[in-house]
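Participant: let's see this in three dimensions:
(one chain, ligands or ions: 2)
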Amino acid sequence: MLILNINGERKSVDVPDDMPLLWVLRDVIGLTGTKFGCGIAQCGACTVHLDGLAVRSCVLPVSAVGDKAITTIEGVGASEVGRKVQQAWLAIEVVQCGYCQSGQIMSATALLAGTPAPSDAQIDAAMSGNICRCGTYVRIREAIKQAATGRKLVPQTIPNEAAAASSGTDAPGQAFLSVRQEDAA
Ligand code: FES
Ligand code: FES
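Facilitator: Ligands and ions are numbered 1, 2, ... in the order given. Predicted coordinates:
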């Protein structure tokens, strides 16, 4: 029997020591906001926080967690930084299919908790392990900047062809062509 500290609550789980934390969260406790993607620490979909640091729960044996505080997407909004990140995600309309986004938000929140005003290079480095098949990377970066600065940024929807050309990718759909800073008032 293990006692885990998850989103501020103590949970008892009777699981094998080598069960990955992701399995415990999703299948035993029922916190299904954290997603399974690759299972080999390559995509970031399963990202949660351990004492505030982003970790890949798909490869972390639950017995290695100890008494560290586990935070999942269900609990990240309880912190001020997590709340700002979630609000910016909504304001920028980052999400496309959504599958990767729990992990993206967890990595972004861990970044801003340690680096409140990250440079583009720091954002790219912190987020490089989180893969998005929908290609929402430009909006993710802008949402992180909005969460960090509080500036309001306005997403603009443009045709697919122009989006692909401007973003330098062949990702279809909506793109974040440009942002217009609004007056705070
Ligand atoms: S599911 Fe854990 S990194 Fe992909
Ligand atoms: S929003 Fe679809 S994989 Fe990222």
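
Participant: show me which residues of this protein sit near ligand 2.
Facilitator: Taking Cβ under 6 Å from any ligand atom as the criterion, the chain approaches ligand 2 at residues Val95, Gln96, Cys97, Gly98, Tyr99, Cys100, Gln101, Cys132, Arg133, Cys134, Thr136. Every residue, glycine included, has its C-beta placed from N, CA and C.

Participant: the second one and Tyr137 touch, don't they?
Facilitator: No: because the distance of 11.0 Å does not satisfy Cβ atoms under 8 Å, Gln96 is recorded as not touching Tyr137.

Participant: more neighbours, those two?
Facilitator: Neighbours were counted for Gln96 and for Tyr137 using other Cβ atoms under 10 Å; Tyr137 has more, 21 against 18.

Participant: how about the contacts made by that one?
Facilitator: Met127 (Cβ atoms under 8 Å, 6 or more residues apart in numbering).

Participant: ok, Gln104 next?
Facilitator: Per Cβ under 8 Å, 6+ apart, neighbours of Gln104: Gly44, Thr47, Val94, Met127, Asn130, Cys132, Thr136, Ile140.

Participant: quick one: which of the residues of the chain next to ligand 2 has the most company?
Facilitator: Within these, neighbour counts (other Cβ under 10 Å) peak at Thr136, which reaches 26 neighbours.

Participant: can you tell me which residues contact that residue?
Facilitator: Counting by Cβ under 8 Å, 6+ apart, Thr136 touches Val94, Val95, Gln96, Cys100, Gln101, Gln104.

Participant: am I right that Arg26 falls within a strand?
Facilitator: No: applying DSSP: H, G, I helix; E, B strand; the rest coil, one finds Arg26 to be helix, outside a strand.

Participant: from ligand 2, how far out is it?
Facilitator: 18 Å (Cβ to the nearest ligand atom, to the nearest Å).

Participant: how close does that residue get to Ile73?
Facilitator: Going from Arg26 to Ile73 by Cβ to Cβ, to the nearest Å gives 12 Å.

Participant: count the residues that sit near Ala78.
Facilitator: Ala78: 11 surrounding residues under other Cβ under 10 Å.

Participant: isn't it right up against Glu9?
Facilitator: No: using Cβ under 8 Å, Ala78 makes no contact with Glu9, being 11.2 Å away.

Participant: on that earlier part again, now do the shared contacts for Arg26 and Ile73.
Facilitator: Counting by Cβ under 8 Å, 6+ apart, the shared contacts of Arg26 and Ile73 are Thr34.

Participant: more crowded one of these two?
Facilitator: The neighbour comparison of Arg26 against Ile73 (other Cβ under 10 Å) goes to Ile73, with 25 against 19.

Participant: could you confirm the more buried one falls within a strand?
Facilitator: No: under three-state DSSP, Ile73 falls outside any strand and is assigned coil.

Participant: okay, it and Gly135: tell me how far apart.
Facilitator: 21 Å.
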